[in-house]
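A.B. asks: Below are the sequence and a predicted model; questions follow.
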Amino acid sequence: MVPGVVAASVSTWLGLQEGEGPRTSRLFSFIFLLTAAAVLAKSAQRELFLAAYPRSAIPDAFLLSAGVLAVTSLALSASTERVSPVRLTRWMLGGGALLLGLGFFAGRAWAAGGPMTVYVLVEVLISSLLGQAWAVVSEAVDVRSAKRLLPVVGLGASLSWTVGGFAVSGLARALGPASLLLIAAGALLGALGVLQVLSKKDLTVEPRQAPPTGFFVGLWSGLKSIAQEPLTRVLAAIITIELVVEKVTDFQLFAFAQQQFSGTTGGVAGFMGLFFGVTGAITLAAPLVSGRLLTTFGS
């Protein structure tokens, strides 16, 4: 009785309509677990990489991961015509958990190339999964419910960045930085379990018929459409500029972390976790502050 009253009160406070609470909680849990995996994996990734390589190797890691991510993104884009977002995400979560487990052993057993492999693997996997996960979330809402549900689900991502980020330092020191990869793999498996429930209760998975053209023909057609459409060219240019700025900032962050914390086990991971936690907390507070400002100044 009491849990039902509490759930109804929370739904009312969040502005949800009757019956939307359970679906929102499932989507919230899905994004929370996936984002937690991202925080843990990225913290471990940067600790292992910066402990193994000099500062001069940072641009090499950026270029290699960017190239692999570009190829992976094109392949995923071409696959959407043949595979539903839910099924594709299911494959990626299961495969991602397996790859993170293998990355744990590679980072420890292969000193020469293991940390670089882990860096590229985590960068490509997490970037691809986050985009694919939000595609699944969009499948679970309609136009009317999206304005109510998506902010709450987005809150799950911000909360996960905050809680996960602040937890990284203690976990890295207690279990070792590489063990964060195994915990991240567990979070991906948890997200896979939630996705299974979502697919039964909130998603309609319709079989997709493969287009008459081959996979690589569709891939080439997609590249041509990007080059021919003015809007997509502008978007591609904006994304490229944003990525360049992001990588310049990341280089400074990596160099600082390596200089200050590379001598301490779990130091880099703890610093990165703190960075993720603080930025997540700012994201959580921003809507409250902006709402107060808009109310104050009469917008």
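C.D. replies: Received, thanks.
A.B. asks: How are the helices of the stretch 101-250 of the chain distributed by residue range?
C.D. replies: 114-139, 143-175, 179-201, 215-228, 230-261 (DSSP state H, counting those that start in this stretch).
A.B. asks: among these, where is the model least confident on average?
C.D. replies: Mean pLDDT is lowest for helix 215-228 among the helices of the stretch 101-250 of the chain, at a mean of 61.
A.B. asks: follow-up on the earlier one: with distance to residue 105 as added columns, please give the helices of the stretch 101-250 of the chain in TSV.
C.D. replies: Backbone N, C-alpha and C define where each C-beta goes, glycine included. TSV is the format used below for the helices of the stretch 101-250 of the chain (distance: least, Cβ to Cβ, whole Å):
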stretch	distance to residue 105
helix 114-139	8
helix 143-175	15
helix 179-201	9
helix 215-228	32
helix 230-261	24
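A.B. asks: Of the ones you listed, which is nearest residue 282?
C.D. replies: helix 143-175 (8.9 Å; Cβ to Cβ).
A.B. asks: Counting by contacts, list what that closest one packs against.
C.D. replies: helix 21-52, helix 114-139, helix 179-201, helix 267-296 (3 or more Cβ pairs under 8 Å, 6 or more residues apart in numbering; DSSP states H and E).
A.B. asks: any idea which of those helices is most buried?
C.D. replies: Sort those by mean neighbour count, taking mean count of other Cβ atoms under 10 Å, and helix 21-52 sits at the top with a mean of 25.
A.B. asks: Taking helix 114-139 as reference, get the angle to that one.
C.D. replies: Calculated by axes from the mean of the first three to the mean of the last three Cα atoms, to 10 degrees, helix 21-52 forms an angle of 160 degrees with helix 114-139.
A.B. asks: Now helix 21-52: average pLDDT?
C.D. replies: 93.
A.B. asks: go on, stretch 88-103?
C.D. replies: Averaged over stretch 88-103, pLDDT sits at 94.
A.B. asks: so who does the most centrally placed residue in the chain touch?
C.D. replies: With the centre of the chain defined as its mean C-alpha position, the nearest residue by Cα atoms, centre = their mean is residue 130, 3.5 Å away. Residue 130 sits next to 34-35, 38 when contact means Cβ atoms under 8 Å, 6 or more residues apart in numbering.
A.B. asks: cool, residue 182 as well?
C.D. replies: Neighbours of residue 182 in contact, by Cβ under 8 Å, 6+ apart: 100-101, 104.
A.B. asks: for these, which one is nearest residue 142?
C.D. replies: Looking across the contacts of residue 182 and measuring by Cβ to Cβ, the closest to residue 142 is residue 100, at 33.8 Å.
A.B. asks: re earlier: right, so of the helices of the stretch 101-250 of the chain, which gets closest to residue 21?
C.D. replies: The nearest among the helices of the stretch 101-250 of the chain, by Cβ to Cβ, is helix 143-175 at 9.8 Å.
A.B. asks: My read is that residue 184 contacts residue 33, right?
C.D. replies: No - in this structure, residue 184 is not within contact of residue 33 by Cβ atoms under 8 Å, at 10.0 Å.
A.B. asks: Would you format the helices and strands packed on helix 143-175 as JSON lines with distance to residue 173 included?
C.D. replies: Output for the helices and strands packed on helix 143-175, formatted as JSON lines (distance: least, Cβ to Cβ, whole Å):
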{"stretch": "helix 21-52", "distance to residue 173": "11"}
{"stretch": "helix 114-139", "distance to residue 173": "19"}
{"stretch": "helix 179-201", "distance to residue 173": "11"}
{"stretch": "helix 267-296", "distance to residue 173": "7"}
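A.B. asks: how about the ones you listed, which one is nearest residue 157?
C.D. replies: Nearest of the helices and strands packed on helix 143-175 (Cβ to Cβ): helix 21-52, 4.7 Å.
A.B. asks: Centre of the chain to that closest one, how far?
C.D. replies: Using Cα atoms, centre = their mean, to the nearest Å, the mean C-alpha position of helix 21-52 is found 6 Å from that of the whole chain.
A.B. asks: quick one, that helix and helix 230-261 angle?
C.D. replies: For helix 21-52 against helix 230-261, the angle by the same axes, to 10 degrees is 60 degrees.
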